[in-house]
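K.L.:
I would like to see how this sequence folds:
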Amino acid sequence: MKLLQYFRENLWCRRTLGFLWHLVGIVLCYAAAFQIRFDFDVPAEFYPSVLDTLPIAIFSFLASIVIFRLYVGLWMFFSFRDCLTTALAFAVGSLALAVLIYLTRSFSFEGFPRSVLVINYLLILGWEVGGRSIVRIIREWRVTSARGKGKDRRNIAIIGAPEEADALIRSMAKQSSDFGRLVCIITEAKKHKGGEIHGVPIRCGVENAGAIVSDLGISMLLFLPPFTAPRYFKEVMKSVSEHKAKCEYRVIPSIDDITSGRVDVTSIRRVAIEDLLHRKPYEIDNERMRNSIEGKSILVTGAGGSIGSEICRQVLRLRPRALVLFEISEYNLFQIEREFASSDEAAETSIIGVVGDVRKSNDMRGAIRQASGVDTIYHAAAYKHVGLMERNPATCFQNNVGGTHVAATIAAEESVGQFVLISSDKAVRPTSLMGASKRLAERSIIERPKGETEYKAVRFGNVLGSSGSVVPIFKDQIKKGGPVTVTSAKVTRYFMTIPEAVELVLAAGSVGEDREILVLEMGDPVKIDSLAKRMIELSGFVPGEDIKIEYVGLKKGEKEFEELLTDGEDVVRTENDRIWVVEKSDSEISDWDIEAVLKTIDAGVGEDIRLLAHEHISGSLLMD
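P.N.:
The predicted structure is shown next:
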């Protein structure tokens, strides 16, 4: 074994053995070609022809091997492409052999049987291709045998097109890690029904996935592009759920990983709830968005939060002159700074981390001046958890309303070009104090006196995976074995992924006008009950059996249905079909005295703050 390992690791030893293999093959095949030509009874008069032309054959074929670099390839990874290259190389060698024999025998083949050239070509090709193929077969057999020793190997089914499945199976064969036993390929094309790829049977119809999983005892479904669209995930999961089957759902999101052979354990990830969101494709005016950020100085409040950190990442890709990370949490700021420290995208941008509180004028002013001025502020700092804010009304309003007012005021005093508030759909006819605080925050910037600074608010719904989102809560409950708690079977919410929401926020900042509230198109509402069931299924469990679902009722301040507009508001589509502008707001419902409002908020009396919200918000549904 040590000797074998030495030959594997020593390049010159491998090359020497390969040369001997070629030389022996050339001699044996050339001699065998004459024997086959004369039915293994070569006449004595042809012996001189064999001996005279053998050196020419050795020279011709070794030259072809060198020219086509057949000595470079690793035999254990011999492929169909290598087979074609080998066939071409020895065809050229055979042609060279024929030409040299013709020239050395005075422009004649007299005394030399020409059929030997054809027979020799077939024999030498079989020798070369066969030898390499045997090495590869032995390697794959050893890998398969090693994997087969595990008693608990899982059965896997691929959902994808035959072409991608073929490439994946080839790639998996090269991996040393155990992916499991591939038992089936599920595709849509009926013409492939009953066929096989590398011995793996093909079944047709993703709608039959549940029956297939149940019949074959499949424990993992692996989705390949283009079967990674939400509709395929939903159809397969519905079928599996109907058959009360259990399995994992995994995906290879990039077809490049498959075709290039880079597939490994890290590129196969679990299907996430984000993959089930059906989102219409949309186009962003990247040039306009880049012009609003490239070479500019950008400040992001709440830079360490889920939304704020993603704003920073996407802003950084647009190459700003400076990026100020303003964050009250030392830990969150440390994490985001550490992330950017190793980022190539941050090489041309000055990254400035500032620990500060948006409610303190000096903190905001100092952050802006550290960057020698700021062109745009994205104000993402806010308290967002509905339940907690119901119990802490003073802190909620002091941060969300007072903090927004302070940040906006300092922006004007420091000649910031644009101030973009990250708002919420909960600001529409709010039933919670958090929603009411966001609505007053909107009013605090939209109804400011006109000046050099442009103010905009961007309103959107829930984002999957954000802090306080229901998704991580469900994941934790599933991990603990349940139950998963849902407020009501009727509750619906709008959802976006964090990157999608932030991309639209940046786009809205570049297309919106001064003192506008922009609304992001959120798609169709999602039932929280269905979301919980899908997450349980994605974890490989059966909802209601393995993991129970409990309905606990609406908490104080929660709505059954979210809204993006009030009854008194209309929207106008912008040039981006996913961004709308609120045409009419409810600013005229009361006299707006921001100083009086802030005074009430600073007093910190919960009852007065709730009364304040009732007085200044149109359509308020706040519970007393």
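K.L.:
got the phi/psi numbers for Gly194?
P.N.:
Here is the backbone geometry of Gly194 (degrees, to the nearest 10): phi 90, psi -10.
K.L.:
okay, the closest residue to it other than its chain neighbours: pLDDT?
P.N.:
Spatial nearest neighbour of Gly194, chain neighbours left out: Ile202 (7.0 Å); criterion: Cβ to Cβ, 6 or more residues apart in numbering. For glycine as for every other residue, the C-beta is placed from the backbone atoms N, C-alpha and C. The model reports Ile202 with a pLDDT of 86.
K.L.:
Need the three-state assignment for Ile202.
P.N.:
strand (DSSP: H, G, I helix; E, B strand; the rest coil).
K.L.:
Next one: it from Ile169, what distance?
P.N.:
12 Å (Cβ to Cβ, to the nearest Å).
K.L.:
What are the buried residues along the particular helix or strand that has Val50 in it?
P.N.:
If you go by DSSP states H and E, Val50 is part of helix 47-67. Neighbour-count burial for helix 47-67 flags Ser49, Val50, Thr53, Ile56, Ala57, Ile58, Ser60, Phe61, Leu62, Ser64, Ile65 (criterion: 16 or more other Cβ atoms under 10 Å).
K.L.:
In those, find the pair that's most separated.
P.N.:
Farthest-apart pair in the buried residues of helix 47-67 is Ser49 and Ile65; separation 23.9 Å (Cβ to Cβ).
K.L.:
ok, and what's touching the very next helix or strand once past the helix holding Val50?
P.N.:
Per DSSP H and E, the first helix or strand lying C-terminal to helix 47-67 is helix 80-104. With contact meaning Cβ atoms under 8 Å, 6 or more residues apart in numbering, helix 80-104 is reached by 53, 56-57, 59-61, 63-65, 67-68, 70, 73, 108-109, 112, 114, 117, 120-121, 124-125, 128-129, 132.
K.L.:
can you check stretch 247-254 too?
P.N.:
168, 213, 218-225, 228, 233, 236-237, 240, 258, 263, 267-271, 275, 537-538, 540.
K.L.:
hmm, 7 Å instead?
P.N.:
213, 218-224, 228, 240, 258, 263, 267-271, 275, 538, 540 (Cβ atoms under 7 Å, 6 or more residues apart in numbering).
K.L.:
mind listing the strands in the stretch 351-500 of the chain by residue range?
P.N.:
According to DSSP state E, counting those that start in this stretch, the stretch 351-500 of the chain carries its strands in the segments 376-379, 418-422, 454-459, 462-464, 484-486, 492-493, 495-497.
K.L.:
what's the closest of these to Ile36?
P.N.:
strand 495-497 (67.4 Å).
K.L.:
avg pLDDT for that closest one?
P.N.:
pLDDT averaged over strand 495-497 gives 77.
K.L.:
Give me the three-state assignment for Ile119.
P.N.:
Going by three-state DSSP: Ile119 is helix.
K.L.:
Around it, how many other residues sit close by?
P.N.:
Close neighbours of Ile119, defined as other Cβ atoms under 10 Å, add up to 18.
K.L.:
Report the contact partners of it.
P.N.:
Ala33, Ile36, Arg37.
K.L.:
closest to Met389 among the residues you listed?
P.N.:
Ala33 (88.7 Å).
K.L.:
List the buried residues for the helix or strand hosting the closest one?
P.N.:
Per DSSP H and E: Ala33 is located in helix 11-37. Residues 18, 21-22, 25-26, 29-34, 36-37 are the ones in helix 11-37 that count as buried (16+ other Cβ under 10 Å).
K.L.:
Also stretch 100-118?
P.N.:
Leu100, Ile101, Phe112, Val116, Leu117.
K.L.:
If we ignore the residues flanking it in sequence, what's nearest the fourth one?
P.N.:
Just to be clear, that refers to Val116. Val116 sits nearest to Ala33 (Cβ to Cβ, 6+ apart), 4.8 Å away.
K.L.:
Likewise for the third one?
P.N.:
What sits nearest to Phe112 in space, not counting adjacent residues and going by Cβ to Cβ, 6+ apart, is Ser49, at 5.1 Å.
K.L.:
Wait, the one you found touches Pro113, no?
P.N.:
No. If you go by Cβ atoms under 7 Å, Ser49 and Pro113 don't touch, sitting 8.1 Å apart.
K.L.:
Could I get the phi/psi values of Thr301?
P.N.:
phi -90, psi 150.
K.L.:
Quick check: pLDDT value at the residue lying closest to it once chain neighbours are set aside.
P.N.:
Of all residues not flanking Thr301 in the chain, Ala381 sits nearest, at 3.9 Å (Cβ to Cβ, 6+ apart). Residue-level confidence at Ala381 comes out at 94, pLDDT.
K.L.:
tell me the contacts of Ala381?
P.N.:
By Cβ under 7 Å, 6+ apart, the neighbours of Ala381 are Thr301, Gly302, Val358, Gly403.
K.L.:
same deal with Ala367?
P.N.:
So Ala367 contacts Leu299, Val324, Phe326, Val354, Gly356 (Cβ under 7 Å, 6+ apart).
K.L.:
So which of those residues wins on neighbours?
P.N.:
That'd be Phe326 among those, by other Cβ under 10 Å, with 32 neighbours.
K.L.:
Does that one fall in a helix, a strand, or a coil region?
P.N.:
strand.
K.L.:
If it is in a bridge, with which residues?
P.N.:
Going by DSSP bridges, Phe326 is paired in beta bridges with Thr301, Val354.
K.L.:
Hmm, it is touching Ile298, no?
P.N.:
No. Between Phe326 and Ile298 there is no contact, the gap being 10.6 Å when judged by Cβ under 7 Å.
K.L.:
Just give me how far stretch 511-526 sits from the chain centre.
P.N.:
25 Å (Cα atoms, centre = their mean, to the nearest Å).
K.L.:
Alpha carbons of it, as CSV, please.
P.N.:
Extracted as CSV, the C-alpha positions of stretch 511-526 are listed here (Å, rounded to 0.1, in the frame of the first residue of the first chain):
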residue,chain,number,x,y,z
VAL,A,511,-36.8,57.5,-7.9
GLY,A,512,-38.9,59.2,-5.2
GLU,A,513,-39.4,62.9,-4.9
ASP,A,514,-39.2,65.1,-1.8
ARG,A,515,-41.8,64.6,0.9
GLU,A,516,-43.2,61.4,-0.6
ILE,A,517,-44.3,58.1,1.1
LEU,A,518,-43.3,55.2,-1.2
VAL,A,519,-45.0,51.8,-0.9
LEU,A,520,-43.3,48.6,-2.1
GLU,A,521,-45.5,46.1,-3.9
MET,A,522,-45.5,43.1,-1.6
GLY,A,523,-47.1,40.4,-3.7
ASP,A,524,-49.9,38.2,-2.4
PRO,A,525,-50.5,37.9,1.4
VAL,A,526,-49.3,34.7,3.1
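K.L.:
circling back: can I get the contacts of Ile119 in CSV including distance to Arg181?
P.N.:
Output for these, formatted as CSV (distance: Cβ to Cβ, whole Å):
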residue, distance to Arg181
Ala33, 44
Ile36, 44
Arg37, 49
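K.L.:
For burial, what's the neighbour tally of Asp546?
P.N.:
15.
K.L.:
Also Lys555?
P.N.:
Residues near Lys555, counting by other Cβ under 10 Å: 11.
K.L.:
what about Phe68, neighbour count?
P.N.:
Phe68 has 16 nearby residues by other Cβ under 10 Å.
K.L.:
Make 59 the starting number, not 1.
P.N.:
All set: I'll call the first residue 59, so the last point we hit is now Phe126.
K.L.:
For it, give me its contacts.
P.N.:
Thr143, Ala147.
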